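Visitor: Provided below for reference: sequence and predicted model.
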Amino acid sequence: MSREAILARLRRNPDIYISGEVISRELGISRAAVSKAVNSLRKDGYEIAAVTNRGYRLISGPDRLSEGEVLPWLRTRQVGTHLLCFPVVDSTNSYLKREALSLPDGTVVITNQQTGGRGRLGRSFQSPPDRGVYLSALLRPNLPPERALNLTAFVAVAVCEAIERTTGLAPQIKWTNDIVLGGRKVCGILTEMSIEGESGALQHIITGIGINANQRAEEFPEELRDIAGSLYMVSGQEVQRGRLAAELINALDQMYAAWLSNGGDYLERYRSRCLTVGKQVRLLRGNGRVEEATALAVDESFALVVEHPDGRRESITSGEVSVRGLWGYL
Ligand code: BTN
């Protein structure tokens with residue numbers, strides 16, 4: 001951990017030398033431990049200059065998702081104050097589900113790779129190493145379960161804003177929570193709720209976010225190539241994933257506070273990014289039936305208001321809605 005704390009300290013001040021003595025005092029470790037940690041970082045590809053009587057300075061480093069890469073950018077009060085970073089895990093949502101009882105409200109798990117990434121509707125989520133940001137947050141709001149239904153829409157806004165802050169790109173939302181750039185899905189969100197059987201009380205919510213950050217087009221499996229994209233494919237620039245993960249946590253933290261107090265203008269922000277409204281849509285019903293309709297609006301509770309060909313209006317709250325012009329629906 002002191003290794004990651006040293007990395008965070010050097011990342012925070014890339015333009016100045018920090019003496020080994022200052023670091024050892026700040027972290028309460030010996031000078032020898034500082035030097036050992038610096039060498040271990042160097043072995044991992046970090047270029048760290050060391051100058052006698054001046055100290056250490058970070059020159060460059062690999063794109064890693066570790067505490068040391070995320071902490072320098074964090075400004076949070078609740079979400080992310082307990083942060084766990086793993087090189088690989090089956091699924092960050094599954095991890096939190098297993099450990100939920102022993103972890104505090106706002107715990108965030110980040111990983112560099114998922115071996116069993118999960119998507120909505122029982123699908124899998126491709127989570128290759130070194131390319132994406134896979135992150136889940138554990139929330140324990142003291143609220144009735146029905147209040148939690150709109151959380152995933154709030155999360156979609158937070159994700160878009162974090163991507164925008166980090167890259168300058170302006171993502172849109174395909175209702176309810178697919179994040180789209182350049183006509184392709186660059187991020188998926190899976191929000192899962194646990195309810196106590198007897199009382200019906202909300203135990204916790206886990207919201208999981210998978211962002212395709214630095215994938216090249218040819219790295220997606222053939223069947224996803226027209227649908228999935230990455231931030232790199234749109235901007236032509238590699239994203240620093242630690243920074244992106246931190247901005248995501250910052251945005252989730254603000255969102256959580258606003259959501260708990262019923263505050264903020266998330267509905268307006270959601271509407272302004274929602275690409276579904278005004279488009280022809282296909283509704284995939286639970287029984288497998290497919291219906292065509294026109295999307296008219298997102299209502300106060302984030303439901304999608306559609307108009308059927310016979311003029312009948314309906315508020316859709318769940319299920320698959322495809323948008324004409326996107327992903328094979330022509
Ligand atoms: C979807 O679009 O179907 C939702 C995809 C959600 C993927 C994220 S990656 C982090 C978290 N862990 C998971 O296993 N899934 C979510």
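Guide: Nice, I can see it. Numbering: from 1, shown residues only.
Visitor: tell me the helices and strands packed up against the longest helix anywhere in the chain.
Guide: Assignment by DSSP state H gives helix 241-260 as the longest helix of the chain. If contacts are counted by 3 or more Cβ pairs under 8 Å, 6 or more residues apart in numbering; DSSP states H and E, helix 241-260 sits against helix 67-70, strand 108-111, strand 132-139, helix 151-167, strand 202-212, helix 266-273. Yep, even glycine has a C-beta here, placed from its N, CA and C like the rest.
Visitor: how about that helix: buried residues?
Guide: 241-256, 258-259 (16 or more other Cβ atoms under 10 Å).
Visitor: residue contacts, the residue positioned nearest the centre of the chain?
Guide: The centre of the chain sits closest to Ile209, judged by Cα atoms, centre = their mean, with a distance of 3.8 Å. Ile209 sits next to Val133, Tyr134, Leu135, Ser136, Val155, Val159, Cys187, Gly188, Ile189, Leu248 when contact means Cβ atoms under 8 Å, 6 or more residues apart in numbering.
Visitor: change it to 6 Å
Guide: Contacts for Ile209 were tallied using Cβ atoms under 6 Å, 6 or more residues apart in numbering; they are Leu135, Val159, Ile189.
Visitor: likewise for Ile249?
Guide: Here Ile249 is in contact with Thr76, Val79, Gly80, Val108 (Cβ under 6 Å, 6+ apart).
Visitor: next, give phi and psi for the residue lying closest to the last one once chain neighbours are set aside.
Guide: So the one you mean is Val108. Among residues not flanking Val108 along the chain, Gly80 sits closest, at 4.5 Å (Cβ to Cβ, 6 or more residues apart in numbering). Taking degrees, to the nearest 10, you get phi 90, psi 0 for the backbone angles of Gly80.
Visitor: Gly80 against Ile110, yeah?
Guide: No - look at Gly80 against Ile110 with Cβ atoms under 6 Å: they stay out of range, at 9.3 Å.
Visitor: more crowded one of the two?
Guide: Just comparing Gly80 and Ile110: by other Cβ atoms under 10 Å the higher neighbour count belongs to Ile110, 28 against 24.
Visitor: and that one, bridged to which residues?
Guide: Cys85, Leu135 (DSSP bridges).
Visitor: who's in contact with it?
Guide: By Cβ under 6 Å, 6+ apart, the contact list for Ile110 reads Leu65, Cys85, Leu135, Ala245.
Visitor: sounds good, over and out.
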